[in-house]
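**Student:** Below are the sequence and a predicted model for it; my questions follow.
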There are 2 protein chains.
Amino acid sequence: MGNAQRSVGVGLIGFGTVGTGVVKLLALRSAAIRAQIGCSLRLVRIADLDIRTDRGVRVDRRLLTTDARKLIADPAVDIVVELMGGYEPARQFVLGALRAGKPVVTANKALLAVHGAEIFAEAERQVIDLGFEASVGGGIPIIRTLKEGLAGDRTRAVYGIVNGTSNYVLSTMTREGREFAHVLRDAQREGLAEADPAYDVDGTDAAHKLALLVTLAFGVQASFPHVYTEGIRHIEPMDIAFARELGYTIKLLAIAKDHGDSIETRVHPTMIPQRHVLAEVGGAYNAIYIQGDALGSSMYFGLGAGMMPTATAVVADVMEIARARQRGVPGRVPPLGRPWGKLRRVSTRPMGDITSEFYLRFMALDRPGVLARIAGLLGEERISIASVIQTERKRETTVPIVIRTHAALERRLRKALQQITRLRVVRGKPVLLRIEERLG
Amino acid sequence: MGNAQRSVGVGLIGFGTVGTGVVKLLALRSAAIRAQIGCSLRLVRIADLDIRTDRGVRVDRRLLTTDARKLIADPAVDIVVELMGGYEPARQFVLGALRAGKPVVTANKALLAVHGAEIFAEAERQVIDLGFEASVGGGIPIIRTLKEGLAGDRTRAVYGIVNGTSNYVLSTMTREGREFAHVLRDAQREGLAEADPAYDVDGTDAAHKLALLVTLAFGVQASFPHVYTEGIRHIEPMDIAFARELGYTIKLLAIAKDHGDSIETRVHPTMIPQRHVLAEVGGAYNAIYIQGDALGSSMYFGLGAGMMPTATAVVADVMEIARARQRGVPGRVPPLGRPWGKLRRVSTRPMGDITSEFYLRFMALDRPGVLARIAGLLGEERISIASVIQTERKRETTVPIVIRTHAALERRLRKALQQITRLRVVRGKPVLLRIEERLG
């Protein structure tokens, strides 16, 4: 039984930031890894379109190739690590490796969120390991935790701060009271945000990650296209200040709740209580906060991106797979923690059907009776008001009117908003933010 | 290959709080567990000296026995779960089960911290799985995280809030400004502290857990008797108030640092910055904060005790072992993450050799020159003062003098303290608390 070898050959596709981190870590930790798993991890090939740029790490140039297919076919490559990102050709390479009988480690959340059904099914059919710890939460071992650590419990809800760029921008806006556009520009200058920041600040990256978390946490076939996604571009310093006055901090949260017959999956800026442990997660840190029936609350916190943090997750996966390989027993746990066929098929609640408390801000002419009219229209949709902030008093200029509602159905709230927007005294687009009061 | 069965028989030794939780969870989650691991977990026997008390959970009375040895020998028992606690006879039962070729799941940190060498060696020799996720951090999957999730990194330091009772007492003292004895008495009344609280409030429980964490985190043979242990009985509301004034919160921290050739392992009340994420861990919550070379900071947070949280950790271990059993491949990962023989042998630094910043409080007669004399004696040991609080001014009564030092060797500090205590103007025993400024 088994293919016990002195060393296991690793082939790396994608020699970017994380790939460089993996090369560094495999070199730095080689003796420790051998002591732990009983064999060496040997980097035998690296594929990238750019094999000229110096990555500041020592690599035998003969390992480099521009042809990923050749890497996959190389008999010296026992495990394929895909770190190129994107949908194609990453999808073909991952499927190609699996079909060639080679286990895969990937950090590619976009690929798995969108093409997961095909890829996970292939891995399971072939009984081949597929590790993706690095795809969510960088170095935080959240995938393992959900697959095995929390396997005995029924997880009811997941709240994740899973996009470091957005969290950095929001944290900085909160601390410094500055505008989104300025903070983003500074972050881009410092290399903390991409030149094209859309994937991060519009919530798509968080939605990709949430789709994976939901599948593991609830044991359901989650669907990325059904994740409601709203970014942070429309957050204004004024709303952060009002949130603080009301006792909240604004975070881009990836939220999932399991209602049994249906689930909620949504990414949007969310007001959470200032004293909640998630509110303290600042800068480029990520955190995943989980509510379970038996376990109650637990949280997993760490650096969600970056060369070395993400590399630790990749190497941990490679070590686990190498161990299985040494003993000749791949497929110990299916990639999603349970067989694909055992995932529950559930519907995703439309956003209109979710219940939440809301923060609303209107810019309105400061005339007598404006608040009464707004309250009246909310009342018609059976939405009750928890508190109101109405500060300045300047006739014939617009002033902000802030309303915090009690729990209400989003569909009713939107209907009321439509009516309110039509009022002649209300100017511009109202701001709507969801509040998670209890995170339970 | 393998012993694939439709169901795996679980034998439970110890039908106390956590045992009852395990019985409940196995019943509640039976369908979900079967879907995940492909076989049922069937509770086939329960041993406890008390088989009469109603635990409020439905159990076929024929499963009950007072004879744990019979349970271990029962061929229907595939996995032995030890939840009785204590050293003996738990040690004999765990070793007996392993020698009978049966995998063991235990929550018994005292047993593993003190008799681990014997038990882990036996499990490894027999290539039998031994799960102990429930022994540290209750439902927080910190054992798995250290064994596999962080395996690619080099962990440099561990900071744990791992005793819920102490944390509850300290959090309550901090919030309410009340005395240790009063808060403890209330906690005992509410069932949040044991009638004999020594194991918790004197730091022994935390030291047991730290010995296990250190072995996993650093890959060393850690020695429980070498863990420096100091409890929280001497913490006074005055010191909590001064700590706050200086920007710190006092927590009972289990601290371990890896210096390569030696390690530090110590449990004591520690001042940490108020804004640090660990400072926010209140009540019965536990958290383990980890510093790694590549990963940087990460933290794992959740309920560290209690019937159902701890039961989730036990069931997760049973599921993992049942999976291995189904496939006939036990011993995938050695109990300590690497073979016993690969653990580094390092010495533990004596407390005199550790470097720390210190908080000192003296009660002294308020006479001119007292502070100068204290500062002089500290200076003789090359200890420099970072800040001083000297509040009241009442002639001929004692007043507190609080000094925060810069980093200093503990041996030198103790020498200075001896000299200071001899001053005629200083009354009573000085208070010494260690400060962890950076937790790095």
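**Tutor:** Nice, I can see it.
**Student:** Tell me where the stretch 51-200 of chain A has strands.
**Tutor:** Secondary structure of the stretch 51-200 of chain A (DSSP state E, counting those that start in this stretch): strands located at A:64-65, A:79-82, A:104-106, A:130-131, A:155-161.
**Student:** Hmm, I typed the wrong one, I wanted the stretch 201-350 of chain A.
**Tutor:** Using DSSP E, counting those that start in this stretch, strands in the stretch 201-350 of chain A cover A:228-229, A:248-258, A:262-273, A:285-292, A:296-303, A:347-348.
**Student:** for the second one, what is the average pLDDT?
**Tutor:** Put plainly, it is strand A:248-258. Taken as a whole, strand A:248-258 has a mean pLDDT of 98.
**Student:** where are the low-confidence patches of chain A?
**Tutor:** A:1-5, A:392-396, A:440 (pLDDT under 70).
**Student:** can you list the domains in it?
**Tutor:** Residue ranges of the domains in chain A are recorded as A:7-138+A:307-342, A:142-303, A:351-435, according to automatic domain parsing.
**Student:** what's the following helix or strand after the helix or strand encompassing residue A:35?
**Tutor:** Secondary-structure assignment from DSSP states H and E places residue A:35 in helix A:30-37. Per DSSP H and E, the first helix or strand lying C-terminal to helix A:30-37 is strand A:40-47.
**Student:** can you give me the angle that next one makes with helix A:30-37?
**Tutor:** 120 degrees (axes from the mean of the first three to the mean of the last three C-alpha atoms, to 10 degrees).
**Student:** would you put the C-alpha positions of strand A:40-47 in CSV?
**Tutor:** Presented in CSV, the C-alpha positions along strand A:40-47 are these (Å, rounded to 0.1, in the frame of the first residue of the first chain):
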residue,chain,number,x,y,z
SER,A,40,10.6,16.3,1.8
LEU,A,41,8.6,18.7,-0.3
ARG,A,42,10.7,19.4,-3.4
LEU,A,43,9.8,22.2,-5.8
VAL,A,44,10.4,20.5,-9.2
ARG,A,45,8.8,22.9,-11.6
ILE,A,46,7.4,26.5,-11.9
ALA,A,47,5.2,27.7,-14.7
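**Student:** Please list the outside residues in contact with the helix holding residue A:35.
**Tutor:** Contact with helix A:30-37 is made by A:26, A:40-41, A:315, A:319, A:322-323, A:326, B:151-152, B:154, B:219, B:337-339, B:342, as judged by C-beta atoms under 8 Å, 6 or more residues apart in numbering or on different chains. In this view, the C-beta of every residue, glycine as well, is placed from N, C-alpha and C.
**Student:** In helices only, show me these.
**Tutor:** Among the contacts of helix A:30-37, the ones falling in helices (DSSP state H) are A:26, A:315, A:319, A:322, A:323, A:326.
**Student:** Chain B next: which of the residues you listed are close?
**Tutor:** Counting by C-beta under 8 Å from any C-beta of the partner chain, A:315, A:319, A:323 from these sit close to chain B.
**Student:** Among these, name the buried ones.
**Tutor:** Among these, those scoring as buried are A:315, A:319, A:323 (criterion: 16 or more other C-beta atoms under 10 Å in any protein chain shown).
**Student:** Sort out which residues of stretch A:172-191 are buried, please.
**Tutor:** Those buried within stretch A:172-191 under the rule 16+ other C-beta under 10 Å are A:172, A:173, A:174, A:178, A:180, A:183, A:184, A:186, A:187.
**Student:** so which of the contacts of helix A:30-37 would you say is closest to residue B:197?
**Tutor:** Residue B:197 has its nearest neighbour among those in residue B:337, at 32.7 Å by C-beta to C-beta.
**Student:** Correct me if wrong: the closest one contacts residue B:218.
**Tutor:** No. Under the criterion of C-beta atoms under 8 Å, residue B:337 is not in contact with residue B:218, lying 10.5 Å apart.
**Student:** Looking at these two, which one has more neighbours?
**Tutor:** residue B:218 (25 against 21; other C-beta atoms under 10 Å in any protein chain shown).
**Student:** Helices along chain A, start to end?
**Tutor:** In chain A, the segments counted as helices under DSSP H are A:17-28, A:30-37, A:68-73, A:90-99, A:109-126, A:142-144, A:164-176, A:180-189, A:198-201, A:204-218, A:237-246, A:307-327, A:370-380, A:410-421.
**Student:** could I have stretch A:309-324 exported to CSV, CA atoms only?
**Tutor:** The C-alpha coordinates for stretch A:309-324 follow below in CSV (Å, rounded to 0.1, in the frame of the first residue of the first chain):
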residue,chain,number,x,y,z
PRO,A,309,0.4,34.6,5.3
THR,A,310,-1.3,33.2,2.2
ALA,A,311,1.8,31.0,1.6
THR,A,312,1.4,29.3,5.0
ALA,A,313,-2.1,28.1,4.0
VAL,A,314,-0.8,26.8,0.7
VAL,A,315,2.0,24.9,2.4
ALA,A,316,-0.3,23.5,5.0
ASP,A,317,-2.4,22.0,2.3
VAL,A,318,0.6,20.6,0.4
MET,A,319,1.8,19.0,3.7
GLU,A,320,-1.6,17.4,4.3
ILE,A,321,-1.7,16.0,0.8
ALA,A,322,1.9,14.8,0.9
ARG,A,323,1.0,12.9,4.1
ALA,A,324,-1.9,11.2,2.4
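**Student:** starting at the chain centroid, how far to it?
**Tutor:** Mean C-alpha position of stretch A:309-324 versus that of the full chain (C-alpha atoms, centre = their mean, to the nearest Å) differs by 20 Å.
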